[in-house]
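Peer 1: model this:
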Amino acid sequence: MDKYQEQPHLLDPHLEWMLNLLLDIVRDSDSPPALVHLAFKFLYIITKVRGYKIFLGLFPHEVADVQPVIDMFTHQNPKDHETWETRYVLLLWLSVTCLIPFDLSRLDGNLTSEGGEVRTSTMDRILQIAESYLIVSDKARDAAAVLISKFITRPDVRQKKMADFLDWTLSTLSKSSFQTMEGTIMMDGMLQALAQVFKHGTRESCLPYASTVLVCLDNCKLSESNHTLLRKLGVKLVQRLGLTFLKPKLAKWRYQRGCRSLIANLRLSTQDEERQIPQILASDNDEDYDVPEEVENVIGQLLVGLKDKDTIVRWSAAKGIGRMTGRLPKELADDVVGSVLDCFSFQETDNAWHGGCLALAELGRRGLLLPSRLTDVVPVILKALTYDEKRGACSVGSNVRDAACYVCWAFARAYEPGELKPFVNKISSALVIVTVFDRDVNCRRAASVSLLNGTFPHGIDILTTADYFAVGNRSNCFLNISVNIAGFAEYTQSMIDHLIDMKINHWDGLKSLTYNFQVLTTELIEIFLWNFHEKKNFLFLFLVCTLIKNLSLSKMPFQGDPIIGNGSYVFSISFFLDELMKNYISELQNTEEMIRCGFSLALGSLPAFFLKGKLKLVLDGLKAVTHISPKDVSFAEARRDALKAIAKICQTVGVKAEASEDDVICKENVYQIYDTFLDCMNDYTTDSRGDVGAWVREAAMTGLMELTVLLTRNHPELIEANVCKQIMCCLAQQSSEKIDRFRARAGSIFLNLLYFDSPPVPHIPYREELEKIFPRSESSVLNWNAPSQAFPCITQLLALPTYRYHVLLGLAVSVGGLTESTVRYSTQSVFEYMKKIQNDIQAMDSFSETLIQVFEDNLLNDRVSVPFLKMLDQMLANGCFDIFTTEENHPFSLKLLSLCKEEIKKSKDIQKLRSSIAVFCGMIQFPGDVRKKVLFQLFLLLCHPFPVIRKTTASQIYEMVLTYSDIVDPDIFDEVMTILSDTAWDTELHFVRAQRNYLCDLLKVPKPQLISKVTPSCP
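Peer 2: Okay, here's the model as predicted:
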């Protein structure tokens, strides 16, 4: 069901039949308790995905359903944490059935039984159930609050029980303390119930109690609590109390643009323009009434909530401010706006700025922020769009900038263009700056969406360039998008001013500076050159060089200097040319990854005359960047950029077989470059971002293709057969791995090299066979991204000895992976290949030798060995090695057992151990001594220190014995199965060991012996 989380409405056509199917199980008196709970668990999962509000209306809610649902609670234990889903769904069901349009007393009949005992009424039973579950620690507490809101607001229940319930709630609330866990749980339940009651109850029924509840809430001092949820519920309750104090009327003075009805809006378009102007009523005499004193208290608490340290509390407070202001007279509402603007003082924290932005957006969206206030509001929003405060080694303010973008989005849709006209240029310029220059991706995306409105100049054109995905890459924003947007005259100057004032000396350094912003002024040029000349700041080198290049291309005169030839500038930059290469190469070993990236790319962008005589030095420096050492293992981006630089340098300097290795690519250095690329094809570094080594492998693949094509066109004799073999094998391996994007890139390069015709790439192994597997006519339409198309083709390379090892290595990771489609199609393709050769003993021997070699080479390498074990398990389970089972102690089985033992030796990896258990159980099919050795290993795992491994082993052995019944003598079969199934294998080891040893005796397997640790004696 999780795949429906993004679009849960797709479930709507199927909800009814799923619900009825599960309720049939629940209502069936013959259903065992475990099955009933499972049905309720499935109901909860559907409720979680679709939302309980939609699901409630589908529950049966006839009069006949009331008593059965109530009776189900008699079998529930509120302290049983395994069945909380059952209680949660039952409470939701009861909240619907209790809405029957009859007085509940009609369901009771005569409450006095024959023995004189008085039965509890239906009303009291429901109330007792609801109150008992309001103080539990699981999610049933939330459902109990929903039940209370539906039940206590019934007319008959309200008259008899509402006052007593509120007394009990407030009493419990006042006696509880958020300092303890138990007190927090009870306060949570009470606050949820009160918030729901004041939401669903009528104003007339709730108003008499609102003041008392507010006083109790004030005494609780929830703002001092460290529990975010309690503070949020407090803000939610206080705003609903405030709405209770005020009459449920929308202010007539609010600003209105258009109508909520589409038909009414279309009619407006045919009327005179004068009639389309939104009307703001200056007078609200018809709304004059006394505002209760409590409202000031409520507004004050909501304003405090705007400054809370947690976003969900601030957001709830902002919505409360919007709702309350919509019911206030014009003068009081304006005071609220003024109080919200006080949040934007520089003495306030980023939390206050964020809450203030959310509140302004709510007020604007609801038409409660009149145009007369825009002169006060717009300046603070412009400040919020660039809010960035340094705190230690990081900064705060991204949430403020994001919320400020939301304010701009709301204003653009709330006001007529004429109202925003005096401010539109400033707002649009600020949004453009955030879109392209903000450090945070969420802010850039929020700002780009805010520009999607006819109110802002060129808004649609800008969004076409700076869409949601384009602004996701900060480099793209600085290098490409900013250049395009700067072409609009309205934004050019403001973008330049921002770069000069904010970005050049930003505390985060030059990582956020644009290196290719082509529309620059003389002022910016002078600042850069002064920095470079006076401070010797070589971080500006690449920027200055790019600046010179772009100004030269544009043929822009500089301070009256002449333009010579093709527009090259006459710059006095000789003072740094001699030191340029030395500084670039030394910075390649900088401890900051981004600096390595910048200087690597800078070297790759240098012209040929810069590299002449220094090529070997440059290549050695870049090669050093690609090496992985313990201190820079996570510098994947630096390694990637170094490979890109090497590939670009090769294109820049060209190839000449008989030449100096300091000048061009030649026979002296070509193999060093190939070695660098091929070594990086094995970069599988991972960190918190995932498989970052994939970036390096992609750059290495691209570099291999570009270098090979370059050599093929100019000097194909420099490509050795062994090198070409390594290239094609590495590409085949990447083409069979699990990540779709990188598999597609590898497959594309593989076919590009195979079918390169100008001239053909020499020494490609098995070229004719490859052309049959990948016909030229189909190579252009083969979708390597789709596992269903890629794996059936790539597995055919298993038949080619040269490629078998690398393809099998890649397939192991795919078959044992996690992505369903990848696992399914890769497994299916491998099994289809093995089905073809399973009766060919020679082919199977060759395949099994390669399989063992892959395992042996990657022993204790968890990236390969864990999925490899999963692949072995599937192969053994599907009878892929049946041909080996005809021979006792086949070498394949013995070698496989040995490697599996070595792989799990002293391992604490649960996933690896579970996979090895499955492999051991599959190996039981091999006859001979290996079977006893496999049983011995399984019995060792039956007493593993981890209880979960013991349970898994017992379960797998049980299934193994059922599958391969010939391994157990029929006389002891039942006894063995009983021990395996009835023993609590997760209990104490001394008990488990006794049971394990008894199994060893029954199956005549040597008992594993405990090895006591020997401590050296003192001399």
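Peer 1: give me the most central residue, the chain.
Peer 2: Central residue check for the chain by C-alpha atoms, centre = their mean: the C-alpha nearest the mean position is that of Arg689, 10.4 Å away.
Peer 1: tell me the pLDDT at that residue?
Peer 2: Arg689 carries a pLDDT value of 86.
Peer 1: please apply the same query to Asp662.
Peer 2: The model reports Asp662 with a pLDDT of 89.
Peer 1: what's the answer for the one 4 residues further on, then?
Peer 2: pLDDT recorded at Cys666 is 92.
Peer 1: and for it, the neighbour number?
Peer 2: Neighbour count of Cys666, defined by other C-beta atoms under 10 Å: 19. Heads up, the C-betas are built off the backbone N, CA and C, glycines and all.
Peer 1: grab the nearest non-local neighbour of it.
Peer 2: Residue nearest to Cys666 in three dimensions, not counting chain neighbours: Ala659, with 4.6 Å by C-beta to C-beta, 6 or more residues apart in numbering.
Peer 1: which stretches of the stretch 701-850 of the chain form helices?
Peer 2: With DSSP state H, counting those that start in this stretch as the criterion, the stretch 701-850 of the chain has helices at 721-735, 740-754, 767-773, 776-779, 787-794, 801-815, 820-837, 841-857.
Peer 1: can you give me the strands in this structure?
Peer 2: Ranges of strands in the chain, per DSSP state E, are 389-391, 394-396.
Peer 1: quick one: closest of those to Ile427.
Peer 2: strand 389-391 (22.2 Å; C-beta to C-beta).
Peer 1: got the contact list for the closest one?
Peer 2: When contacts are defined by C-beta atoms under 8 Å, 6 or more residues apart in numbering, strand 389-391 is touched by residues 350, 395-397, 507.
Peer 1: farthest-separated two in these?
Peer 2: Asp350 and Trp507 (15.9 Å).
Peer 1: least trustworthy helix or strand in the chain by mean pLDDT?
Peer 2: The least trusted helix or strand in the chain, going by mean pLDDT, DSSP states H and E, turns out to be helix 273-276, with a mean of 43.
Peer 1: for the stretch 351-500 of the chain, give me the ranges with low pLDDT.
Peer 2: 393, 454 (pLDDT under 70).
Peer 1: picking up where we left off before, and the strands of the chain: which comes nearest Glu294?
Peer 2: Across the strands of the chain, Glu294 has its closest neighbour in strand 394-396 (35.0 Å, C-beta to C-beta).
Peer 1: pairing partners for that closest one, with directions?
Peer 2: strand 389-391 (antiparallel) (DSSP bridges).
Peer 1: give the buried residues for the strand it pairs with.
Peer 2: Counting neighbours by 16 or more other C-beta atoms under 10 Å, one finds that strand 389-391 has no buried residues.
Peer 1: let me know whether Thr702 touches Ile646 as I believe.
Peer 2: No. Counting by C-beta atoms under 8 Å, Thr702 stays clear of Ile646, with 10.8 Å between them.
Peer 1: neighbour-wise, which of these two wins?
Peer 2: Ile646 (27 against 16).
Peer 1: and for the nearest residue to that one once chain neighbours are set aside, the neighbour number?
Peer 2: Distances taken as C-beta to C-beta, 6+ apart place Leu622 nearest to Ile646, at 5.3 Å, with adjacent residues excluded. Neighbourhood size, Leu622 [other C-beta under 10 Å]: 26.
Peer 1: hang on, the earlier thing: quick one, which of Asp350 and Trp507 is more surrounded?
Peer 2: Using other C-beta under 10 Å, the more surrounded residue of Asp350 and Trp507 is Asp350, with 19 against 8.
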